[in-house]
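Peer 1: Turn this into a structure:
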Amino acid sequence: MPEALQVRRVAWVGFRTLLYKEVLRFWKVAFQTVAAPVLNAVLFLLIFSHVLDRHVTVYGDISYTTFLVPGLVMMSLLQNAFANSSSSLIQSKITGNIIFVLLPPISYREFYAAYVAASVLRGLFVGAGVWLVAMPFIDLPMAYPLWVLSFAVMGGAILGSLGVIAGIHAEKFDQLSAFQNFLIMPLTMLSGVFYSIHSLPKLWQDVSHVNPFFFMIDGFRYGFFGQSDVSPWLSLGVVAVCLVSLASLTLWMLARGYKLRN
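Peer 2: Next up, the predicted model:
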């Protein structure tokens, strides 16, 4: 067998094994990692829809509950994609079993791809769960399914990359919690999940445009309604740039063994 083919085969086996390990890690406790986030999102849906559905319409003729569901789906997807990679890495570092991932002949590219792919899968499972639970209550259109899938996968990959960065940088759970509570949570909650930014004063509309999470959720919502607060192509461009930038940073950190091999 040619040497190059043998190397690719070993790399594929390493990636597949690590991906299986990461997926199995969250799936074995799916009641906690998938069902609980779905329940949290449904509680948001029930409370906000009960209070505001009769008083608020968006984009002219869309009920507030219908508008809210895609935002909750994407918010749950993003938060759980981050939680998956970050929690896995910090647990491995603290318990010391990260050495068993670093010793095999797995390149940093396969390492990154496996952790991010598992994060995207967990995010998709949670997002799909929220969507399925909400279906009996609303008639949610899907104007552009490819846009929905594209933003879901790219958003999950961005937050999976952020989770890898946070998991590598953090040395204890307190530091990881600070990353979650002071960065991820505020950016997702203030990204237009619960409102259209056109309902905000001009100043806060401009501030929202600095938040990359807004473009993820607005582009994702466009896939359902064919309407959005900004151009979907602008959202796609911003999300693509964020993904490439974070992937490059994460790969750079992994290639140098930052806080993993050193």
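Peer 1: mind listing what's buried in the strand or helix carrying residue 49?
Peer 2: Taking DSSP states H and E as the criterion, the element that holds residue 49 is helix 36-52. By 16 or more other Cβ atoms under 10 Å, the buried positions in helix 36-52 come out as 37, 38, 40, 41, 42, 44, 45, 48, 49, 52. (Glycine included, C-beta is placed from N, CA and C.)
Peer 1: Equivalent analysis for stretch 226-242, please.
Peer 2: When burial is assessed from 16+ other Cβ under 10 Å, stretch 226-242 yields the following buried residues: 227, 228, 229, 230, 232, 235, 236, 238, 239, 242.
Peer 1: and the first one, that one's in a strand?
Peer 2: No: secondary structure assignment (DSSP: H, G, I helix; E, B strand; the rest coil) places residue 227 in coil, not in a strand.
Peer 1: Figure out the length between the terminal residues of stretch 125-142.
Peer 2: Taking Cα to Cα, to the nearest Å as the measure, stretch 125-142 stretches 18 Å from start to finish.
Peer 1: Quick one: residues in contact with it.
Peer 2: 30, 33-35, 37-38, 41-42, 45, 49, 63, 65-66, 69-70, 72-74, 76-77, 80, 148, 152, 223-225 (Cβ atoms under 8 Å, 6 or more residues apart in numbering).
Peer 1: Please tell me how far that stretch is from the chain's geometric centre.
Peer 2: 17 Å (Cα atoms, centre = their mean, to the nearest Å).
Peer 1: Kindly report the same for stretch 107-125.
Peer 2: Its chain's C-alpha centre lies 11 Å from the corresponding centre of stretch 107-125 when counted by Cα atoms, centre = their mean.
Peer 1: tell me the average confidence for the helix holding residue 49?
Peer 2: In this model, helix 36-52 carries a mean pLDDT of 83.
Peer 1: now stretch 136-147
Peer 2: Per-residue pLDDT over stretch 136-147 has a mean of 87.
Peer 1: what do you get for stretch 214-226?
Peer 2: Taken as a whole, stretch 214-226 carries a mean pLDDT of 93.
Peer 1: neighbouring contacts of it?
Peer 2: Contact with stretch 214-226 is made by 59, 62, 67, 70-71, 73-75, 78, 140-152, 154-155, 158, 191-193, 197, 208, 228-230, 232, 234-236, 238-239, as judged by Cβ under 8 Å, 6+ apart.
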